[in-house]
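Asker: my questions are about this predicted structure, shown below with the sequence.
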Amino acid sequence: MTMNAISQRLKALRQESKCALIPFITAGDPDLETTAEAIKLLDRNGADLIELGVPYSDPLADGPVIQAAATRALQKGTKLEQVLEIVAKVSHEIKAPIILFTYYNPILNRGIRTFLEQIAIVGVKGLVVPDLPLEEADELLEAAASLGIELILLVAPTSSQARIEAISAKSQGFIYLVSVTGVTGMRSQIQSRVKDLLIEMRQVTDKPIGVGFGISKPEQAKQVMEWGADAVIVGSAFVRALETGTPTQGLQAVETLCKELKSAISTVKQPVEV
């Protein structure tokens with residue numbers, strides 16, 4: 001992977017008028033070996049980028065499915081070092097850049113520079129820190145950029161126009177648009193407000209926009225793509241798929257879901273009027 005793997009991957013897809021699929025799984029659930037297999041399986045079946053969640057004891061942005069997965073992983077003793085060992089093993093075998101999802105406290109405890117150096121050396125290419133306020137992001141942004149890691153910032157559906165502009169200006173790789181007010185989780189439908197937000201954001205930035213939180217079904221992914229998203233991010237549905245039966249059965253369910261979602265967004269995107 002090159003220095004700015006996420007930006008380059010999304011740029012290439014945009015040139016082909018295609019939408020990216022970004023699955024999320026929780027590291028260590030049901031076990032680290034299955035995590036490694038799931039990453040490789042997702043890469044083979046259409047994932048353009050892969051978001052890997054580091055289990056955390058107080059996951060404020062996560063809904064019940066991902067919270068439960070993090071709890072199970074922690075109960076089995078999953079630690080950041082083990083997660084990074086998995087990334088080191090698989091990052092050279094896959095095409096999809098890996099994005100690490102973690103909360104800010106573990107980064108601060110380890111030290112910003114130390115943490116970033118540790119994740120960079122194993123091949124992590126992006127970072128999502130859901131509880132990092134924009135006002136405190138500069139130090140992490142600058143240090144990450146110096147190591148070739150793109151820090152992806154989140155826009156909430158309640159964000160003001162001024163805040164959307166500020167976040168869009170600083171976010172690296174792409175801008176993560178949260179589709180719902182609240183935590184992650186599977187929803188029966190995607191709020192139409194997402195369409196309006198995508199239009200508003202297109203007026204202030206030409207950076208890629210990924211939509212996540214609440215997308216679980218192929219028809220939802222397709223809807224978000226048709227509204228103009230450059231990427232769809234699916235978490236709880238993949239985490240739940242991995243819970244299916246044995247680890248082997250879970251991996252089979254993940255493969256099926258990945259293929260279905262990729263098929264739903266494989267059509268060429270139409271230009272969106274703004």
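Answerer: Good, I have the coordinates.

Asker: list the buried residues of the lowest-mean-pLDDT helix or strand in the chain.
Answerer: None of the helices or strands of the chain scores lower by mean pLDDT, DSSP states H and E than helix 193-202, at a mean of 90. Buried residues in helix 193-202, counted by 16 or more other C-beta atoms under 10 Å: 194-195, 197-198, 201-202. Backbone N, C-alpha and C define where each C-beta goes, glycine included.

Asker: what mean pLDDT does the helix or strand just after that helix have?
Answerer: Next along the chain after helix 193-202, taking DSSP states H and E as the criterion, comes strand 209-212. On average, the pLDDT along strand 209-212 is 96.

Asker: you'd agree D58 is in a strand?
Answerer: No: per DSSP: H, G, I helix; E, B strand; the rest coil, D58 lies outside any strand segment and is coil.

Asker: now it. Nearest residue, chain neighbours left out?
Answerer: Ranked by C-beta to C-beta, 6 or more residues apart in numbering and with sequence neighbours excluded, the top spatial neighbour of D58 is Y103, at 7.6 Å.

Asker: my read is that the one you found contacts V129, right?
Answerer: Yes: counting by C-beta atoms under 8 Å, V129 is a contact partner of Y103 at 6.7 Å.

Asker: buried residues in stretch 242-258?
Answerer: 242, 244, 247, 250-251, 253-255, 257-258.

Asker: narrow those to those in strands?
Answerer: Among the buried residues of stretch 242-258, DSSP state E puts none in strands.

Asker: would TSV of the residues you listed with pLDDT and distance to S236 be doable?
Answerer: TSV is the format used below for the buried residues of stretch 242-258 (pLDDT from 0 to 100; distance: C-beta to C-beta, whole Å):
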residue	pLDDT	distance to S236
L242	95	11
T244	90	14
P247	96	19
G250	97	14
L251	98	17
A253	98	13
V254	98	13
E255	98	17
L257	98	11
C258	98	14
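
Asker: elements contacting the helix or strand that R9 is a member of?
Answerer: Assigned by DSSP H and E, R9 belongs to helix 5-15. Using 3 or more C-beta pairs under 8 Å, 6 or more residues apart in numbering; DSSP states H and E, the elements in contact with helix 5-15 are strand 20-26, strand 124-128, strand 150-152.

Asker: let's see that with 6 Å instead.
Answerer: With contacts defined as 3 or more C-beta pairs under 6 Å, 6 or more residues apart in numbering; DSSP states H and E, helix 5-15 has these neighbours: strand 124-128.

Asker: tell me the strands beside the strand it packs on, with direction?
Answerer: strand 98-101 (parallel), strand 150-152 (parallel) (DSSP bridges).

Asker: for the record, mean pLDDT for that strand?
Answerer: 98.

Asker: what's that strand in contact with?
Answerer: With contacts defined as C-beta atoms under 6 Å, 6 or more residues apart in numbering, strand 124-128 is touched by 1, 5-6, 87, 97-101, 149-152, 173.
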